[in-house]
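# Below is the structure, and that's it, no one-letter string:
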């Protein structure tokens, strides 16, 4: 149960940050597939898988394509201490890969 609560807290944290940037965010829930959050803004739809780790490297074993049904799919990894990285999924992610969450939100 502890891991589920931690996962929910991280999802909530990411959801609130996206909402501050004007996105409408819907929690998909684990049973609905590969995306944890569905983010909508200005006719854009992003699908996000949220992960967290205390390590500087994260190994991801989930869905690895950059889109799902034509919608952009991103992996968001919270490395802790404000180090949140956003990228298209791949197996090995370091704390320096992709974009910081704030960079990503300004770019997208």
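Alright, I've got the coordinates. Bear in mind the structure is a predicted one, so any value in this text is a computation, not a measurement. Numbering: from 1, shown residues only.
# Does anything pack onto the lowest-mean-pLDDT helix or strand in the chain? Which helices or strands?
In the chain, no helix or strand scores lower on mean pLDDT, DSSP states H and E than helix 2-20, which sits at a mean of 84. Contact here means 3 or more Cβ pairs under 8 Å, 6 or more residues apart in numbering; DSSP states H and E; on that basis helix 2-20 packs against strand 24-27, strand 37-41, strand 44-52, strand 71-78, helix 101-107. C-beta: built from backbone N, CA, C; applies to glycine.
# closest one to residue 94 among these?
Distances from residue 94 to each of the helices and strands packed on helix 2-20 were compared using Cβ to Cβ; the shortest belongs to strand 71-78, at 9.5 Å.
# Parallel or antiparallel, which strands does that closest one pair with?
In the sheet containing strand 71-78, its partner strands are strand 44-52 (parallel), strand 67-68 (antiparallel), strand 84-87 (antiparallel), by DSSP bridges.
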